[in-house]
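> My questions are about this predicted structure, shown below with the sequence.
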Amino acid sequence: MTSTHKKSSKFLPLELYHQVPVVDVTPNAIKASIRNSVTDRENVNPETIRGALCKALGFNDASKFAHEFKENLRPFLMKHDLKERLGLVKHHTLDAFGSFTYHQVADRLFRKDRALPKRIFTGQGIEWWDWLQVARNHPDYKVLWFEDAVRLQRHLITFSELHEVELPEGKNIPPASYAIATEDAVLSWGNMLCFQNLVGDQFLDFLDDYMPEGALGQEYYPQGYDGAPEDNQRLIQAGLLLMSLVKNFDHGWVNVLPYNDNLIFLKGANKAYDFVFRNMRDNSFNHHTYGNFLKIADVPTTDKEYDFQRWLYFPTSHKDKRNRKPYTGWLELDRHNAESEFYASGGQLNNYPGQDELLKRYLIDKRQYEPLNDAAPMTPGFHKVMIEGKAFAVSQLVTIDEFRSFMTIHNELYAHYSRKAGVDHWETVNLDAPNLPAAVTWYDAMAYTAWISKKKRLPVRLLKEHEYRHVASCLDSHDTTKKRDDDSSLDMKLVYRKKDEEMTSYEKSYMASWKKRLCVFYHPDGTQIDGHPPCMSHEDFQSLELRYNTANISWVNSPEGLRFLNSPHFGEWLQQKAAAINCFTLNSLMSAPGFSVSATRDRFTPHSTGKYKSKKVGFRMIYELVA
């Protein structure tokens, strides 16, 4: 058996989005936590951090914490023989079961609606092989080959007919090859993975003070799955077997020792201890989700995913601009309920939106989370477009003049730090007529959108792929994923192999458009370069100018008055990071002629303006109109 007993920081989220790492509860450790606090936004006085931290740990008077430690906390540690602070919850043992996060443990132990257990099985140092060995040495259990266990469940053989298998000393057989069985139940390696939670009581011991509520196996079945009732019953029986078997371990447990309403100690073997506190987190919150490319001030407020994750992480913050109530739920239970309701309401594997999106929808339905409002009245400069029954306002392509003004006057700070981050130099690709579309990086488009949202107080964002396909439906004649009335059997993947005399008129037009270069390279001295420049250093390449070949610019107008630059060598940025859609094929800007791939699936380079592909990438904005 192996285990990793490492001290690990726990994080306390505070108001104004501050975070404090907490390694221990000694006076010196508290001082270190204050010094290492993460203040992403407003600076805060260390004494304020000290007060908030002590209050969060249940110590009312921060100025007397040293006295509290000497008179009460240290005697408590001595009474329970807690001498060495080690990590007793989170571990990385091979094939381990019962390994939880501190957040999971804290959420469970501080639930007022659940009984407090006396012990938690955290499985320190225990592998699946140890479970098999415990079962092998117990008269009520048998260790079987997994195939025999399946036969037993299907009633193809009786329990008495099965012979227990010997376990090899070298552990050279995959653990999934074995299962533990009784007359009524089978517990396999796969079953164990379903019970990795603290919502059920399978890893809790109440020492006969309380009747456990039972085990919870997290398996979810879409509607229409015929085997669900039988599989559910098998999982229930496996959970009962697990709850019975885990009591046979004399190690892997930690005792639960409450100190006050906000702080609980965990006692392990050999005088080791750990602790959890109310509202704790396992990791720090990363405000800068876009690394060095975008500071938080340059991320649009319509970034709903960031807003939701921040709302989940900072439950004590009451500084929300719209006075939204903080999240105070039990995260693990809410995730389980969100999964269950998704499938119960008809959800299927092919439309599964992801765990975080499911949780968000669930908390919105329960009226716990109020999403950002992305609707506003019509504003000059935007055009009304109906998309799937909803009214949206969509802008024209942002022009060179507008983007230049943003970079040189309105947000010079972004222009400075984005250059250091290594994005394409915007100056050398925006030297054309001021009314032509700007060529920008995806980060540029996001920063510009954030600026407009603040300047005009609009919930603007970039378009999603399905939205763009709708507003640009006037361009769909070159979408090779659609059948044409004429040449309905057209296979554009083969077009580039045909000779001119073998092509139809449509095919000739299609290929001619690809051959028309939209952009032309120039040396800094103004000398034109034929075709794409040869390989060179990054600095030399950035110094090259990339201008529009105005003779090859073609515009298409939509019925709503929106203008689209209709070229295979021009794209527009979408809301999904690095997704750029080709304004000729309505597919990925990365797609070769005739090879149609979704822009979301085959993404561009977010720090490029398109220059390295002899292309340009522009952008426009959208927001929902109030009903």
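Yep, it's here.
> buried residues in stretch 538-556?
By 16 or more other C-beta atoms under 10 Å, the buried positions in stretch 538-556 come out as 541-542, 544-548, 553. Yep, even glycine has a C-beta here, placed from its N, CA and C like the rest.
> Narrow these to those in strands?
When DSSP state E defines the strands, the subset of those inside them is 545-548.
> can you put the residues you listed in TSV and add distance to Arg335 and pLDDT?
Formatted as TSV, these follow (distance: C-beta to C-beta, whole Å; pLDDT from 0 to 100):
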residue	distance to Arg335	pLDDT
Glu545	52	97
Leu546	48	97
Arg547	52	98
Tyr548	50	98
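> Now that we have these, can you turn them into CSV and tack on distance to Arg114?
Supplementary listing: those in CSV, determined by distance: C-beta to C-beta, whole Å:
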residue, distance to Arg114
Glu545, 67
Leu546, 63
Arg547, 67
Tyr548, 65
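> remind me which residues of the stretch 101-250 of the chain are low pLDDT?
Of all residues in the stretch 101-250 of the chain, none has pLDDT under 70.
> And the helices in it, which stretches?
Per DSSP state H, counting those that start in this stretch, the stretch 101-250 of the chain carries helices over the ranges 102-109, 128-136, 146-153, 189-194, 228-246.
> Please identify the most buried of the ones you listed.
Comparing these by mean neighbour count (mean count of other C-beta atoms under 10 Å), helix 102-109 ranks first with a mean of 22.
> For that one, output the C-alpha coordinates as PDB.
Extracted in PDB, the C-alpha atoms of helix 102-109 (Å, rounded to 0.1, in the frame of the first residue of the first chain):
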ATOM      1  CA  TYR A 102     -11.500  18.900   0.700                       C
ATOM      2  CA  HIS A 103     -14.400  20.700  -0.800                       C
ATOM      3  CA  GLN A 104     -16.500  17.500  -0.900                       C
ATOM      4  CA  VAL A 105     -15.700  16.700   2.700                       C
ATOM      5  CA  ALA A 106     -16.400  20.300   3.900                       C
ATOM      6  CA  ASP A 107     -19.700  20.500   2.100                       C
ATOM      7  CA  ARG A 108     -20.900  17.200   3.700                       C
ATOM      8  CA  LEU A 109     -19.700  17.900   7.200                       C
END
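> what sits up against that helix?
8, 10, 89-90, 114, 116-117, 120, 122, 197-199, 204, 256, 264, 266, 276-282, 330-332 (C-beta atoms under 8 Å, 6 or more residues apart in numbering).
> so where's this protein shaky on pLDDT?
1-8, 39-42, 91-98, 316-322, 477-503, 506, 594-595.
> Spatially central residue for it, please.
Residue closest to the mean C-alpha point of the chain, counted by C-alpha atoms, centre = their mean, is Asp356 at 6.7 Å.
> Helix or strand: which one has that one?
Using DSSP states H and E, Asp356 sits in helix 355-365.
> which secondary structure elements does that helix contact?
Packed against helix 355-365 by the contact rule (3 or more C-beta pairs under 8 Å, 6 or more residues apart in numbering; DSSP states H and E) you find helix 304-313, helix 331-344.
> Can you add mean neighbour count and give those back as JSON lines?
Formatted as JSON lines, the helices and strands packed on helix 355-365 follow (neighbours: other C-beta atoms under 10 Å):
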{"stretch": "helix 304-313", "mean neighbour count": "18"}
{"stretch": "helix 331-344", "mean neighbour count": "17"}
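> and of those, who's closest to Phe570?
helix 304-313 (28.3 Å; C-beta to C-beta).
> tell me what that closest one is packed against?
Packing contacts for helix 304-313, counted by 3+ C-beta pairs under 8 Å, 6+ apart, involve helix 355-365.
> still on that earlier bit, could you dump the helices and strands packed on helix 355-365 into TSV with distance to Met590 added?
As requested, the helices and strands packed on helix 355-365 are exported to TSV (distance: least, C-beta to C-beta, whole Å):
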stretch	distance to Met590
helix 304-313	24
helix 331-344	33
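> picking that back up, shouldn't the residue nearest to the centre of the chain be in contact with Phe308?
Yes - at 7.4 Å, Asp356 and Phe308 qualify as touching, with contact defined as C-beta atoms under 8 Å.
> rewinding a little: can you list the buried residues in the helix holding Asp356?
358-363.
> Contacts made by that helix with the rest, please.
So helix 355-365 is contacted by 305, 308-309, 327, 329, 334-335, 337-339, 341-342, 352-353, 369-371 (C-beta under 8 Å, 6+ apart).
> mind running it again at 10 Å?
The contact list for helix 355-365, computed with C-beta atoms under 10 Å, 6 or more residues apart in numbering, reads 304-305, 307-309, 311-312, 327, 329, 331, 334-335, 337-342, 345, 347, 352-354, 368-371.
> how distant is the next helix or strand along the chain from that helix from the center of its chain?
The C-terminal neighbour of helix 355-365 among helices and strands, as given by DSSP H and E, is strand 375-376. Strand 375-376 sits 26 Å away from the centroid of its parent chain (C-alpha atoms, centre = their mean, to the nearest Å).
> Please apply the same query to stretch 43-62.
A distance of 31 Å separates the centroid of the chain from that of stretch 43-62, by C-alpha atoms, centre = their mean.
> Count the residues that sit near Ile508.
Ile isn't right for residue 508; it's Lys. Taking other C-beta atoms under 10 Å as the criterion, the count of residues near Lys508 is 14.
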